Structures are given as structure tokens and as C-alpha cells.
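# sequence plus the predicted model coming up.
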Amino acid sequence: MIKFSLKYILLAIFFVFIAVHSSYGDVSFEKLGNKKVSYLDFFLLKFENKIFKRTQILRTQVIATRVQYSDIGIQVDYDKKEKSIQVKIYSIMDRKRYSQKKYKQKLSDCNQVRNLIFYKRTGYKFFTQKRDPSFSENIMMEIFDDVFFNNIDFDEKEKNFLLKNMFINVTVFNPVNKTELTCFGKINDYELK
């Protein structure tokens with residue numbers, strides 16, 4: 001009789017334990033559901049994810065028509081002090097290719113990294129490798145708007161404000177000779193400096 005009662009007591013304790021923990025889970029998810037996230041935080045997360053997906057365009061090509069990269073690092077931050085969005089891109093040149101072929105990074109490499117990620121265009125003419133004047137800041141703004149402000153409820157004034165306060169820092173690292181070239185500017189500047 002005592003063993004029979006003990007089983008029921010343990011079973012009752014077990015069900016009470018499960019009921020307490022399931023209601024605790026409901027309260028926790030309810031609390032998380034009620035937390036407020038700023039629209040800026042939401043945009044930055046979506047923006048960083050989109051940039052990360054678009055870095056795939058910089059992977060090694062079968063027939064090399066530009067500098068080849070083995071790895072790309074992305075970081076997007078909101079700088080409270082400067083009241084701006086800072087995008088950092090760290091691109092590492094392909095070690096195997098550039099241990100056989102000597103190459104020194106150029107300003108055009110920084111611009112091409114930025115252009116390929118954000119606009120899927122190099123911004124340079126194929127044969128001469130001179131800046132393509134048809135790839136203007138207006139075209140860059142249109143592409144940026146289509147890709148990064150798509151499905152986000154910003155009016156034109158907010159979009160222009162964000163673009164005005166969005167800066168990029170691109171670093172091209174050569175792992176063979178251990179040199180870095182860093183360029184900086186606004187996200188839609190014609191050329192980074």
C-alpha cells in the first residue's frame with residue numbers, strides 16, 4: 001500500500017514539475033515577444049545579413065578577371081558618438097595565387113570590393129581598368145535603394161539621411177607580403193580614399 005501511494009505521490013510531483021516549467025516557458029516567450037527592438041537595430045541586422053550574403057560574389061573565379069579573395073570579413077556597427085553607421089570589410093587575397101604572382105594592392109581594389117558587394121559591378125572598364133564614368137553615384141544610389149531598402153518602410157528623407165551617415169572602411173590584405181591597403185569613404189562615394 002505504501003509503495004502504491006509513493007508511486008502516485010512521485011507521479012503527482014512529476015506532473016507539477018512539468019506544469020511549472022511549461023508555464024515558465026510560456027512566460028519567458030511572452031516576455032521576449034513584448035520586448036521592443038528599435039527600427040535601427042532591425043535595419044542593421046537585416047543590412048549586415050544582406051551584405052554577408054552578397055560577399056559570395058568575391059569568391060575565387062575560375063577565370064580570374066579581378067583580384068581573387070580567399071576570405072571576406074564583414075562588420076556593421078552604429079557609432080553612437082559619431083551618429084553614423086560604420087561598415088568594415090576585411091578582404092584577404094588568395095594566398096596560393098599571389099604567392100606565385102606578385103601583386104601590390106591598389107585603390108581600385110578597395111573600390112572593386114565595395115562595388116561588387118554593394119552593386120554587383122566592378123565600376124571599372126574591363127580592358128583599361130579605368131574608372132567607368134557610366135557607373136555614377138546616382139546609379140549606385142538606385143541600386144543600393146533597390147537592394148538594401150527593399151521591404152523596409154523608410155521614406156525618401158530617411159533613406160537620404162542613412163546614406164549620408166553611412167561610411168565604409170575596406171581593407172585588402174595580401175597574406176604573402178603581409179601588407180594591407182585601407183580605403184575609407186561614404187558608402188556611395190564615387191571613389192573611396
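All right, it came through fine. Numbering: from 1, shown residues only.
# quick one: mean pLDDT over stretch 131-141.
In this model, stretch 131-141 carries a mean pLDDT of 87.
# what helix or strand is the residue nearest to the spatial centre of the chain on?
Geometric centre of the chain, nearest residue: Glu48, 2.9 Å, by Cα atoms, centre = their mean. Using DSSP states H and E, Glu48 sits within helix 39-54.
# the closest residue to the residue nearest to the centre of the chain other than its chain neighbours sits in which helix or strand?
In space, and not counting its chain neighbours, Glu48 is closest to Val76: 4.1 Å by Cβ to Cβ, 6 or more residues apart in numbering. Heads up, the C-betas are built off the backbone N, CA and C, glycines and all. Using DSSP H and E, Val76 sits within strand 69-79.
# helices or strands up against the following helix or strand past that strand?
The helix or strand immediately downstream of strand 69-79 is strand 84-93, counting by DSSP H and E. Judged by 3 or more Cβ pairs under 8 Å, 6 or more residues apart in numbering; DSSP states H and E, strand 84-93 is in contact with helix 39-54, strand 69-79, helix 107-119, strand 166-174.
# of these, which is nearest Gln129?
Judged by Cβ to Cβ, the one of those that comes nearest to Gln129 is helix 107-119, at 6.5 Å.
# buried residues in that closest one?
By 16 or more other Cβ atoms under 10 Å, the buried positions in helix 107-119 come out as 108-119.
# relative orientation of the helix or strand following it and helix 39-54 in degrees?
Using DSSP H and E, the next helix or strand after helix 107-119 towards the C-terminus is helix 137-148. Angle between the axes of helix 137-148 and helix 39-54 is 100 degrees (criterion: axes from the mean of the first three to the mean of the last three Cα atoms, to 10 degrees).
# what's the helix or strand following helix 137-148 in contact with?
With elements assigned by DSSP H and E, the helix or strand that comes after helix 137-148 is helix 156-164. Residues from elsewhere that reach helix 156-164 (Cβ atoms under 8 Å, 6 or more residues apart in numbering): 43, 85, 141, 144-145, 149, 154, 186-188.
# quick one: buried ones out of those residues?
Looks like the contacts of helix 156-164 have 43, 85, 144-145, 149, 187-188 buried, using 16+ other Cβ under 10 Å.
# looking at those residues, which is nearest Val67?
Closest to Val67, out of all of the buried ones among the contacts of helix 156-164 and judged by Cβ to Cβ, is Ile187, at 20.7 Å.
# how close does the residue lying closest to that closest one once chain neighbours are set aside sit to Asp146?
Take Ile187 and drop its neighbours on the chain: the residue closest to it by Cβ to Cβ, 6+ apart is Met166, 4.3 Å away. To Asp146, Met166 is 16 Å away according to Cβ to Cβ, to the nearest Å.
# thank you kindly, that will do.
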